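In: only geometry, no sequence info:
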C-alpha cells in the first residue's frame, strides 16, 4: 500500500480547491461560473463522502475531471483564461490510463486551437511549441513512474496480479500501516491463518479474493498466511473475520492481533508463525 493515501490531508486539499474555485467565480463569465460551481459541488461532495475505501477507486478515473474542467474554462472565455493553457503540463504529470491520456491530449489540442487566435503568430507558435515539449516531458515522467512501480510490485508479488506478498514485505508494511491507521482513525488488525502445507496456495488465493483489493495478504512460511485487514471499527472487523472463517476450509485455524498492539521493531516472522492458535471462532 502506498503512503500517498492520507484521508484527512486529501479532504483538506479538496475543500481548499473548492474554496479557490468558488472565489474565482466572482469575476468569471456566466458559462465559466456554471462550470466552476459544478466543480465546487463535486469537490465538496467528494471530500464529505471520502472514506478509507478511496485507496482503490473502481469508478471513472478522476483524472478525466480536471482535463474536462480545464477545457471548459478555456472554451468559455479564451481571451480571459489563456494562461490556463500551461496547466495542461500539470495534467499530463498525473499517472493515468491510456484512454484518459488520449482524451486529455485531444482536449489540450482543442485548447491550443481556441487560444491561438488570441496570440500573435510568432509568440503563439513559440508558446504552443514550449507547451508541447513540457507536456511530452510530463507524460514521459508519468509513464516512467508507472512502469517503475509496476515492475517493483510484480517482483515482490508471489503471484502476478494477486495481492499476495512475501512475509518480509509484511515487516516493512507494519510501521507504515500503524501510522496510517492512527492518523486516519481506522481499526487495523493482523489476521493470521494456519493451514496444512497442501492447502497453502488455494487458501492464499481464496483469502485474496475475500479481502478488499487494498488489503495485502502475506505468505509467512509454508503453512502460515496473514492479512492486514482494515475496518471502520472493531465490531466490523469481528464481523468480517467471521465471514472469512466461514468461507475458508474448516480445518484452518486463525488468530488475530490489533495492529496497534504489535511492536514492529522486535517482531519476526518466526514469532508471527508461532503465535497462539485459536479456532475459527476467535
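Out: Cool, got the structure. These figures come from a predicted structure and were not determined experimentally.
In: torsion angles phi and psi at residue 256?
Out: Taking degrees, to the nearest 10, you get phi -130, psi 150 for the backbone angles of residue 256.
In: which stretches in this protein count as helices?
Out: Assignment of helices within the chain using DSSP state H yields the ranges 7-24, 30-49, 64-76, 87-91, 98-115, 121-156, 167-183, 200-210, 234-247, 269-273.
In: in TSV: those helices, plus mean neighbour count.
Out: (C-beta placed from N, C-alpha, C; glycine too.) Written out in TSV, the entries for the helices of the chain read as follows (neighbours: other CB atoms under 10 Å):
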stretch	mean neighbour count
helix 7-24	15
helix 30-49	16
helix 64-76	20
helix 87-91	20
helix 98-115	17
helix 121-156	13
helix 167-183	16
helix 200-210	17
helix 234-247	14
helix 269-273	15
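In: need these in TSV with mean pLDDT, can you?
Out: As requested, the helices of the chain are arranged in TSV below (pLDDT from 0 to 100):
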stretch	mean pLDDT
helix 7-24	79
helix 30-49	80
helix 64-76	83
helix 87-91	85
helix 98-115	89
helix 121-156	75
helix 167-183	87
helix 200-210	89
helix 234-247	92
helix 269-273	83
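In: show me the contacts for residue 131.
Out: Taking CB atoms under 8 Å, 6 or more residues apart in numbering as the contact definition, residue 131 lies against 85-86, 88-89, 112.
In: same question for residue 217.
Out: With contact taken as CB under 8 Å, 6+ apart, residue 217 is in contact with 163-165, 204, 207-208, 211, 225-228.
In: what is the burial count for the closest residue to it other than its chain neighbours?
Out: Across the structure, with CB to CB, 6 or more residues apart in numbering as the measure, the residue nearest residue 217 apart from its sequence neighbours is residue 227 (4.6 Å). Applying other CB atoms under 10 Å, we find 27 other residues in the vicinity of residue 227.
In: so this structure: which segments form each domain?
Out: When the chain is parsed into structural domains using automatic domain parsing, the resulting residue ranges are 7-156, 164-273.
In: ok so, going back, who does the residue nearest to residue 217 form a beta bridge with?
Out: On the basis of DSSP bridges, residue 227 takes part in beta bridges with residue 191, residue 217.
In: from residue 266, how far out is it?
Out: For residue 227, the distance to residue 266 (CB to CB, to the nearest Å) stands at 22 Å.
In: same deal with residue 212?
Out: To residue 266, residue 212 is 29 Å away according to CB to CB.
In: swap in residue 110?
Out: Distance from residue 110 to residue 266, counting by CB to CB: 59 Å.
In: cool, and residue 38?
Out: In this view, residue 38 and residue 266 are 53 Å apart by CB to CB.
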